[in-house]
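Trainee: Generate coordinates for the sequence data below:
(chains A, B, C and D)
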2 protein chains.
Amino acid sequence: MTSLTGGDVAEAIGLLIQRSTRTGLYAALVADIAEGLDENAYPVLSGLARTGPCNAADLAAVVGIDRSGVSRHASRLEAAGLLRRQPDPADRRAVLLVLTEAGVAAVAEMRRRFAERIEACLATWPPGEAEAFARGLRRFVEEGPF
Amino acid sequence: MTSLTGGDVAEAIGLLIQRSTRTGLYAALVADIAEGLDENAYPVLSGLARTGPCNAADLAAVVGIDRSGVSRHASRLEAAGLLRRQPDPADRRAVLLVLTEAGVAAVAEMRRRFAERIEACLATWPPGEAEAFARGLRRFVEEGPF
DNA sequence: GCAGATGCGTGCGCCGTGCACGCTATTCTG
DNA sequence: CAGAATAGCGTGCACGGCGCACGCATCTGC
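Mentor: The predicted structure is shown next:
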């Protein structure tokens, strides 16, 4: 029972992760928002939306890539008008990365489109099942092995 | 209600996908199995385990990368002894990619370890909740927007 | 004040990836 | 049956993201 459950979940998650790159869903979402950005920019953008204004090192830890990568992504996002480099008044070495209004709107729009697709699928489910799945998924992400 | 559900699911899936690469879970799993392989080899390996013996073009369609990438991954996996290039008796142009016994065992072992981690998390859940989540996730992967 | 530490951006090399090409084998056509 | 067209495969090439290491500016402890 439980072993079957764990195996099922593992297989499903593997497929989910694999297909997220295969179908190019994020790539399409990002490409619609701004020119010259690829899907690799999305984790940086959404990570910054979660953390709020922070420096490159902290954002790198959240996203899980090197600081240099964050710095480069930040340059591209800045050029696209989604992000702003703001000098930290308390520390003149530090640079605070903050979303512009356009950046906040872009994240909201991408999340909306993504949620829209998911709702279109969940709408066909029995009433309680979708909510149970959403609750379980949320809990799994919070407590899970990732 | 439903909009909150869709947004929650979208956010959770985004985090799940992001962290799967950030934490290097697959990378660690693959590195334990064979030397000289990175996490990018896992989709090819597990995809071949799902399809069974098939040619490079079909496997490329399943994994979602170019045929050339499959061919290169196949060379590395072949060198690692996990995969075998087998001439197709019916078509001497074609090359069937088949898992060796070591390859089958490697996939099974990686799945087992992954499932083990997940079960360790799910074990603390209320009895019915884990099963409901597993069922929902399975259904979502089958029907979902990916 | 000065040495060590911290934050940041950039040059460099590595590697995965897609595209295009060439080769071999197969299939279609007259 | 022969020749052209097609399909499957592997590889050279260029592109781009990534981590590492370095240099510069700034802060902090003694």
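
Trainee: Any idea how many residues pack against A:R72?
Mentor: By the criterion of other Cβ atoms under 10 Å in any protein chain shown, A:R72 has 15 neighbours. (Each C-beta comes from the backbone N, C-alpha and C, glycine too.)

Trainee: What mean pLDDT does the helix or strand containing it get?
Mentor: Assigned by DSSP states H and E, A:R72 falls within helix A:67-79. Rounded to a whole number, the mean pLDDT of helix A:67-79 is 97.

Trainee: That one and chain B, any residue contact?
Mentor: No - if you take Cβ under 8 Å from any Cβ of the partner chain as the test, helix A:67-79 misses chain B, and the best it gets is 12.0 Å.

Trainee: mind saving the C-alpha coords of that helix as PDB?
Mentor: Extracted in PDB, the C-alpha atoms of helix A:67-79 (Å, rounded to 0.1, in the frame of the first residue of the first chain):
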ATOM      1  CA  ARG A  67      25.600  34.400  -7.800                       C
ATOM      2  CA  SER A  68      27.100  35.100 -11.200                       C
ATOM      3  CA  GLY A  69      24.100  33.600 -12.900                       C
ATOM      4  CA  VAL A  70      21.800  35.700 -10.900                       C
ATOM      5  CA  SER A  71      23.800  38.800 -11.800                       C
ATOM      6  CA  ARG A  72      23.600  38.000 -15.500                       C
ATOM      7  CA  HIS A  73      19.900  37.200 -15.300                       C
ATOM      8  CA  ALA A  74      19.400  40.400 -13.400                       C
ATOM      9  CA  SER A  75      21.000  42.300 -16.200                       C
ATOM     10  CA  ARG A  76      18.700  40.800 -18.800                       C
ATOM     11  CA  LEU A  77      15.700  41.400 -16.700                       C
ATOM     12  CA  GLU A  78      16.800  44.900 -16.000                       C
ATOM     13  CA  ALA A  79      17.100  45.500 -19.800                       C
END
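
Trainee: Any regions of chain A where pLDDT drops low?
Mentor: Scanning chain A for pLDDT under 70 picks out A:1-4.

Trainee: That one: strands as residue ranges?
Mentor: Remark: strands assigned in chain A by DSSP state E are A:83-88, A:91-99.

Trainee: Quickly run through the sheet partners of the shortest one, with directions.
Mentor: Paired with strand A:83-88 in the same sheet, following DSSP bridges, are strand A:91-99 (antiparallel).

Trainee: Would you mind getting the angle between the strand it pairs with and helix A:67-79?
Mentor: Orientation check (axes from the mean of the first three to the mean of the last three Cα atoms, to 10 degrees): strand A:91-99 against helix A:67-79 gives 60 degrees.

Trainee: next one: phi and psi at whichever residue of chain A sits closest to DNA strand D?
Mentor: Among the residues of chain A, A:D66 lies nearest to DNA strand D; the distance is 3.0 Å by Cβ to the nearest atom of the strand. Dihedral pair for A:D66: phi -70, psi 150, per degrees, to the nearest 10.

Trainee: residue contacts, the residue nearest to it when sequence neighbours are not counted?
Mentor: Nearest residue to A:D66, sequence neighbours excluded (Cβ to Cβ, 6 or more residues apart in numbering or on different chains): A:A60, at 6.3 Å. Applying Cβ atoms under 8 Å, 6 or more residues apart in numbering or on different chains to A:A60 gives the contacts A:D66, A:R67, A:G69, A:V70.

Trainee: With A:I65 instead?
Mentor: Applying Cβ under 8 Å, 6+ apart to A:I65 gives the contacts A:P43, B:R22.

Trainee: and it, backbone torsions?
Mentor: Main-chain torsions, A:I65, degrees, to the nearest 10: phi -120, psi 180.

Trainee: Tell me the spacing between it and B:L96.
Mentor: Taking Cβ to Cβ, to the nearest Å as the criterion, A:I65 is separated from B:L96 by 38 Å.

Trainee: and what of A:T51?
Mentor: 49 Å.

Trainee: again, but for A:A74
Mentor: For A:A74, the distance to B:L96 (Cβ to Cβ) stands at 47 Å.
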